[in-house]
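Undergrad: let me see the structure of the following:
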Amino acid sequence: MSLPARRAVLRGLALGAAATAVPLPVLAAVAEAPTGGAAPAGAPPLRQMRGMWIASVLNINWPSRPGLAPEQQKAEYTGWLELAVARRLNAVFVQIRPTADAFWPSPYEPWSQYLTGTQGQDPGYDPLAFAVEETHRRGLAFHAWFNPYRVSMQGDPAALHPDHPGRRHPDWIVAYGGRLYYNPGMPEVRAFVQDAMMDAVLRYDIDGLHFDDYFYPVNTTAFDDSAAFAEHGGGFPDLAAWRRNNVDMLVREMQQRVRRAKPEAAWGISPSGIWRNRSSDPLGSDTAGSQSYDNLHADTRGWVKKGWLDYIAPQLYWYIGQSNADYAKLVPWWSDVAAGTGVQLWIGQAAYKAGAAGQPEQWFQPDELTRHLTLNRDHPEVGGDIWYNSGDVRADRLGSVSAVVAEHYARPALPPLLPRLAGGRPPRAPVIARARRTGGGVELDIVATGRDAPFQYAVFRLGRRARPGDLADARHLLAVVPAARHTRWTDPEPVAGAWYHVTAVDRAARQSEPSRGHRVR
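TA: The predicted structure follows:
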């Protein structure tokens, strides 16, 4: 985004709820359009997940280092949001509980050391409240990313904050590999970590609850949970089956709790990309890599088939043609797993490998990542992608991310609509109160007609009044902009005689019927 355009966006945001002026398509998921009709083959999708992970553990992304002043932390975070806007993304997945600590004033666990450098030290503001508000102001979805069982990246329990739950309950802690973990086999631990995470879900206006791929760290008795197995493992044939059931219970119970507390929030997991290899299980993929079912005790395929998730985002961090784990084989496999389940399939993409030192030569092909998304097009179950991580999206080595944006994100996109929410009441159609030419282009005054302002407006531009099917894809989608009751938006490159239609989009991504068309000569 150019500097003048960025300033115009900020000027518009500063107008607040009364009137928000947005001069460019500032956001960049597939469902029926409110006007009906089917999208033609090959048309850009109306809906697509376009997310990126913002990692806080070890200060990977944000904050860039511990101890920054609050205003510096805030500036860094808004910089990541500006990057998401510039790359035409529509969601961020922000790590707010990296190691049994918190980026908000939690009654369960101490402040994260990655904020101030000292676990338990108040950073002087509420980072989660700030992050959610700023994310929504830009019309982006905020998915709160949690790690359920990791306690510390170092192995000494005495180094935890004195009031840390792991200090108060040392029997909850398992040390392994120089790190500390909560023991997933203890029912009181499972209940506690759910309570700790649900605190953020209940108190903050988040759009989703997200787990990464870490549950049990390894399949070995060196992770010493023998006492818990002796107490709670009766009836299971072996340690692995018991551990897998423990993770299953966490996943199932989290679904139930999220649905009860915030039914419109998306609940999903981004697991390691291989469930099982075909050599281990005829239902597995044609791969020869690490198996999450066996090594992490995570039955990722089972979770999808049982409908315990709203979405799954397998980390397919391999190149097309890789011998042990071929991206071109894993996408069809996961598509088959997700088909007919109602569970959305989004793909975790390895932006961190493109052009990075030490990677195989295939990752030095500038078009490797864009070829991934081209392949995805042949599998309609794939509803979008999440990029790891934001720093690599910004680095854009080899221009690989720019190539993805140019070839696959040229049009904006609405966020995905969860199938279970599709039957809910959509927002009321907005009104284009005025459309006129100005020195900067064509200015639209868009007015909400419902009691509350929607989350976004989708602006369509056509050469004629819209007909059924015209809004079923993104061919005519000009912009997706943050909404207020009165939003002023400017098309900076108008087309003579164009017709404009606007739909309202709520936080669950339900879309209204279109407004009446306005033609500007």
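Undergrad: what sits against Ala69?
TA: Contact analysis of Ala69 by Cβ atoms under 8 Å, 6 or more residues apart in numbering lists Gly124. To be clear about C-beta, it is placed using only N, CA and C from the backbone, and glycine gets the same treatment.
Undergrad: doesn't Arg252 belong to a helix?
TA: Yes - Arg252 forms part of a helix when assessed by DSSP: H, G, I helix; E, B strand; the rest coil.
Undergrad: number of nearby residues for Pro380?
TA: Pro380: 12 surrounding residues under other Cβ atoms under 10 Å.
Undergrad: what's the answer for His486, then?
TA: Count around His486 with other Cβ under 10 Å applied: 17.
Undergrad: tell me the bridge partners for it.
TA: Per DSSP bridges, the residues bridged to His486 are Val447.
Undergrad: so what's it scoring on pLDDT?
TA: Looking at His486, its pLDDT reads 96.
Undergrad: thought it was touching Leu444?
TA: No - taking contacts as Cβ atoms under 8 Å, His486 lies outside contact range of Leu444: 11.0 Å.
Undergrad: overlap in contacts, these two.
TA: Contacts common to His486 and Leu444, judged by Cβ under 8 Å, 6+ apart, are absent.
Undergrad: is it true that Ala458 lies in a strand?
TA: Yes - assigned with three-state DSSP, Ala458 falls within a strand.
Undergrad: report the separation between the closest residue in space to it that isn't next to it in sequence and Asp470.
TA: Nearest residue to Ala458, sequence neighbours excluded (Cβ to Cβ, 6 or more residues apart in numbering): Thr503, at 4.7 Å. The spacing between Thr503 and Asp470, counted by Cβ to Cβ, to the nearest Å, is 12 Å.
Undergrad: which neighbours do these two have in common?
TA: By Cβ under 8 Å, 6+ apart, the residues touching both Thr503 and Asp470 are Phe460.
Undergrad: okay, those two: which has more neighbours?
TA: Set Thr503 next to Asp470 and count neighbours by other Cβ under 10 Å: Thr503 wins out with 26 against 21.
Undergrad: secondary structure class for that one?
TA: strand.
Undergrad: quick check: it touching Tyr457?
TA: Yes - using Cβ under 8 Å, Thr503 makes contact with Tyr457 at a distance of 7.1 Å.
Undergrad: common neighbours of those two, please.
TA: Pro430.
Undergrad: got the phi and psi for Ala328?
TA: phi -70, psi -10 (degrees, to the nearest 10).
Undergrad: for it, report the pLDDT, please.
TA: So, for Ala328, pLDDT stands at 98.
Undergrad: give me the number of residues near it?
TA: For Ala328, using other Cβ under 10 Å, the count is 16.
Undergrad: I figured it hits Ile320, correct?
TA: Yes - Ala328 lies in contact with Ile320 (Cβ under 8 Å); the separation is 4.9 Å.
Undergrad: now the common contact residues for those two.
TA: Contacts common to Ala328 and Ile320, judged by Cβ under 8 Å, 6+ apart, are Leu375.
Undergrad: export stretch 173-182 as CSV, just CAs?
TA: C-alpha atoms of stretch 173-182 as CSV (Å, rounded to 0.1, in the frame of the first residue of the first chain):
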residue,chain,number,x,y,z
ILE,A,173,4.9,-31.0,35.8
VAL,A,174,6.8,-33.4,33.6
ALA,A,175,10.4,-32.4,32.6
TYR,A,176,11.5,-33.6,29.2
GLY,A,177,14.1,-32.6,26.7
GLY,A,178,15.2,-29.5,28.7
ARG,A,179,11.6,-28.2,28.9
LEU,A,180,8.6,-28.4,31.2
TYR,A,181,5.2,-29.6,30.4
TYR,A,182,1.9,-30.0,32.2
